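Participant: Return atomic coordinates for the entry below.
(one chain, ligands or ions: 2)
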Amino acid sequence: MRNQAQGLENLINREEKPKFQAISITSGKGGVGKSSFTINLAYQLQRLNKKVIIFDADLALANIDILLGEKPKYNLSHFLNGEKTINEIIYTSKKYGIKFIPATSGFEELANLPFEKQMYILDALHEIYYKFDIMLIDTSAGLSQDVINFCLASDKTIVLTTPDPTSLSDSYAISRVLLTYKSEDLDVGIVVNMVEDEDEALKIYRGIDSTLKTFVGKGISYYGFIKKDERLADSIRNIYLLSAEYPNAIYSKNVLNIARSLVEGTTPLKSKKSFWQKLISYWKS
Ligand SMILES: Nc1ncnc2c1ncn2[C@@H]1O[C@H](COP(=O)(O)OP(=O)(O)OP(=O)(O)O)[C@@H](O)[C@H]1O
Ligand SMILES: [Mg+2]
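Facilitator: Ligands and ions are numbered 1, 2, ... in the order given. Reported below is the predicted structural model:
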């Protein structure tokens, strides 16, 4: 018992790298463009001199590796069972230099592992803080407790929505849940994807924001918009990164703007606790 308390104490008191940001990308509805956005955002943030890693937390349909044209042999489960070190499961896409950790469905079991093993894992995951500036977390769609925990543990959550009415109501639902939890540290913001122009995006944002203010008493940030761009489908089909190969495509430019505002709008972090510390505390509660 004393060991456990000491272990937690050590972990919580560990000095945090102040600049580091964990940003979750989520959506109520599936198929709204989260994974494509995640890899393109990672690339654009790299262009802005940020050291970025993608954590594929889509436990149901992990596909960051596929979108990057990579076939990683190992994933988080090999790290969790002690077969591989954390560095051995951080992959780099050969073509674009994007770093990522492939997903596994074993991660949610972390909370049930013996305490000593949990500490060992959290300790190793902590290394990521010293190597990277930003960790992008691609979550699965929907309101599962896993997704909520990943979002709540992050510094920022981007709710990706489209003008589709079912996407709008699901985005409202997930935002409401996130804002209802007592998490003062978390910024929740919207990116509106697949719009015709920015006016459409702003209208959608204002609608969700004012409904949240009415029913939850808290609003949500606006992180930007991405226009509909048929080139994205081609990039997925032919496994290339649109932002890298066609920097002048509308999609690439819109994602670059979002990357810029995320970098420029970086406010001092509100929490002293790391993503992993928060994640495990949400799982335990
Ligand atoms: N701005 C856009 N313009 C046109 N098509 C888009 C745009 N954004 C995404 N799409 C299309 O949406 C589809 C789904 O994209 P993606 O796989 O990235 O979504 P997802 O949210 O990660 O899905 P899932 O919930 O299944 O993980 C892709 O076919 C992609 O081409
Ligand atoms: Mg996806």
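
Participant: gap between the residue of the chain found nearest ligand 2 and D164?
Facilitator: Evaluated by Cβ to the ion, the chain has S35 as its residue closest to ligand 2, separated by 3.2 Å. Where C-beta positions appear, they are placed from N, C-alpha and C, glycine not excepted. Summarising the geometry, the distance separating S35 from D164, computed by Cβ to Cβ, to the nearest Å, is 17 Å.

Participant: of those two, who's got more company?
Facilitator: Between S35 and D164, S35 has the larger neighbour count (other Cβ atoms under 10 Å), namely 22 against 15.

Participant: Could you double-check that that one sits in contact with D138?
Facilitator: Yes - S35 sits in contact with D138 when judged by Cβ atoms under 8 Å, with a separation of 5.4 Å.

Participant: Tell me which residues of stretch 88-95 come out buried.
Facilitator: Neighbour counts over stretch 88-95 (16 or more other Cβ atoms under 10 Å) mark 89-91, 93 as buried.

Participant: tell me which parts of the chain are close to ligand 1?
Facilitator: The chain comes close to ligand 1 at residues 27, 30-36, 58, 61, 141, 193-194, 226, 228-229, 232-233, 236, 251, as judged by Cβ under 6 Å from any ligand atom.

Participant: which of the buried residues of stretch 88-95 lies closest to Q46?
Facilitator: Nearest to Q46 among the buried residues of stretch 88-95 is S93, at 10.9 Å by Cβ to Cβ.

Participant: Burial check on the nearest residue to that closest one once chain neighbours are set aside, number of neighbours?
Facilitator: Once flanking residues are discounted, S93 sits nearest to L68: 4.1 Å by Cβ to Cβ, 6 or more residues apart in numbering. Burial of L68 is recorded as 24 neighbouring residues (other Cβ under 10 Å).

Participant: Show me the helices in the stretch 51-200 of the chain, by range?
Facilitator: Counting by DSSP state H, counting those that start in this stretch, residue ranges of the helices within the stretch 51-200 of the chain are 64-67, 76-80, 115-125, 127-131, 145-153, 165-180, 198-215.

Participant: looking at those helices, which is buried most?
Facilitator: Looking across these with neighbours counted as mean count of other Cβ atoms under 10 Å, the highest average goes to helix 145-153: a mean of 22.
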